[in-house]
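Novice: For reference, the sequence and a predicted model appear below.
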Amino acid sequence: MERILPTGHFHKTKLAFVNVDNILGGCVALHLAETLEKECKDVELVCMGKKIDHLDRLKKMKNVKLVQINYEDEKNLCKAMDGISCAIIVPEWREDRAKHGKSLIRAMEKEKVRGVLMVSVEGSEAEGLRELNSFHEIERSVQNTHWDHCYIILRKSILDQCFLLWGPVVKDQGEFPITLQKDSQMAPLDVRDLMSSIETIMTNYCRRQQGSKGAEDTDATAPFGEMRNKIYTLTGPAKITTEGFVCELNEATGQNVQFKQVSCDELRRYLESLKNRGWPQEDEVDAELIDALRYEYAPNDATIRLLLDELELIKRDEASFVSGDLEKITGHKGKTPRDFFMKEKDAFKGSFRREI
């Protein structure tokens, strides 16, 4: 049965944000709601998730309605999508990601949702990386459906904020264990730039739907304008080696953390050990963590496998490029690992002692 928490009144344009009950989805939805409240007054953001009771800040926002959904109940999904003009999808970080994503797309097709913005991952088409490939299954569903709609797919590179999960081992042992080589290259994306991309796209979408002069065009038959039916890869502004990444950490913290290459199994065991630190489990994360996008949680098995796949993509040298798509969308090049470590340096400062 659908459970709705009323937090506002009906608006002209209804957007859906799906999977607000995970850390990434919840935080992006919160920032999007705040932006829309300032920039697009006549918009309602319908935030959907399997669990919604813990989303305290979203509950208080006047332009937000929280809807509890059940992926196993087609009628429930269709009812949730009724009247939605555009949906933002952040796929689940769980085992049944692809299955639930496809169920959602079928409901959107039945309800004739006109626009779809999907957050995917870099390397979704890479050979033999199952967790990344599960995103491509959802991408295909978004692209191959038969109703009249437009889509944008944003494939994000590995997020700087994922490396907050390395905080405990950096603090305790002064090491940065990773499956990459010292000279492996990547272009990690700051989550704030992912948010900025989504906010830019959706703000322009809403203005276009409402015929605002602030939109690039006002053709309601083209919800995303020139961006429609395209795939973008969002990366950071520059490539950096693993060794350089650790050097940036040391510059920000004044420490002498050592790069340490480890096997996939060793890194998996470390990430699994975070369950024993008293941190919240990822699937039971509380509102404060979602609101702040703090990665002080124990990742579930699917998230661990996803991280290992993203690192394998980098190790294969299939993620060592700067796409430039972030600047095309937002007008800025994005934040660097140095920006990230300067902001989050306290998460890595520890009790170990090593001479620099």
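Specialist: All right, it came through fine. Numbering: from 1, shown residues only.
Novice: Determine the longest helix present in the protein.
Specialist: With secondary structure taken from DSSP state H, the chain has its longest helix at helix 191-209.
Novice: Quick check: mean pLDDT of the following helix or strand past that one?
Specialist: Sequence order places strand 230-234 as the next helix or strand after helix 191-209, per DSSP states H and E. Strand 230-234 carries an average pLDDT of 97.
Novice: buried stuff in strand 230-234?
Specialist: Along strand 230-234, these residues count as buried under the neighbour rule (16 or more other CB atoms under 10 Å): 231, 232, 233, 234. (Glycine included, C-beta is placed from N, CA and C.)
Novice: same check, this time on stretch 259-279
Specialist: For stretch 259-279, the neighbour count (16+ other CB under 10 Å) marks 259, 262, 267, 268, 270, 271, 274, 279 as buried.
Novice: who's in contact with the fourth one?
Specialist: Looking back up the chat, that one is residue 268. For residue 268, the contact set (CB atoms under 8 Å, 6 or more residues apart in numbering) comprises 304, 308.
Novice: Looking at it now. What's its pLDDT?
Specialist: Reported pLDDT for residue 268: 97.
Novice: Can you tell me the element it falls in?
Specialist: Going by DSSP H and E, residue 268 is part of helix 264-273.
Novice: Just the buried residues of stretch 240-258, please?
Specialist: Of the residues in stretch 240-258, 240-242, 244-250, 252-253, 255, 257 count as buried by neighbour count, 16+ other CB under 10 Å.
Novice: How many neighbouring residues does residue 324 have?
Specialist: Neighbourhood size, residue 324 [other CB atoms under 10 Å]: 13.
Novice: now residue 349
Specialist: Applying other CB under 10 Å, we find 14 other residues in the vicinity of residue 349.
Novice: quick one: it and residue 204, what's the gap?
Specialist: In this view, residue 349 and residue 204 are 40 Å apart by CB to CB, to the nearest Å.
Novice: related to what we said a few turns ago, quick check: buried residues in the longest helix of the chain?
Specialist: Buried, per 16+ other CB under 10 Å, within helix 191-209: 191-199, 201-209.
Novice: relative orientation of that helix and strand 230-234 in degrees?
Specialist: Calculated by axes from the mean of the first three to the mean of the last three CA atoms, to 10 degrees, helix 191-209 forms an angle of 150 degrees with strand 230-234.
Novice: Dump helix 191-209 to CSV, keeping only the CA atoms.
Specialist: Once non-C-alpha atoms are left out, helix 191-209 reads as follows in CSV (Å, rounded to 0.1, in the frame of the first residue of the first chain):
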residue,chain,number,x,y,z
VAL,A,191,29.6,14.8,-5.7
ARG,A,192,28.9,18.5,-5.5
ASP,A,193,29.5,18.7,-9.3
LEU,A,194,27.1,15.8,-9.9
MET,A,195,24.5,17.8,-7.9
SER,A,196,25.3,20.9,-9.9
SER,A,197,24.7,19.1,-13.2
ILE,A,198,21.4,17.7,-12.1
GLU,A,199,20.3,21.1,-10.8
THR,A,200,21.2,22.8,-14.0
ILE,A,201,19.4,20.3,-16.2
MET,A,202,16.3,20.2,-14.1
THR,A,203,16.1,23.9,-13.5
ASN,A,204,16.2,24.5,-17.2
TYR,A,205,13.7,21.7,-17.8
CYS,A,206,11.2,23.4,-15.4
ARG,A,207,11.7,26.8,-16.9
ARG,A,208,11.2,25.3,-20.4
GLN,A,209,8.0,23.6,-19.3
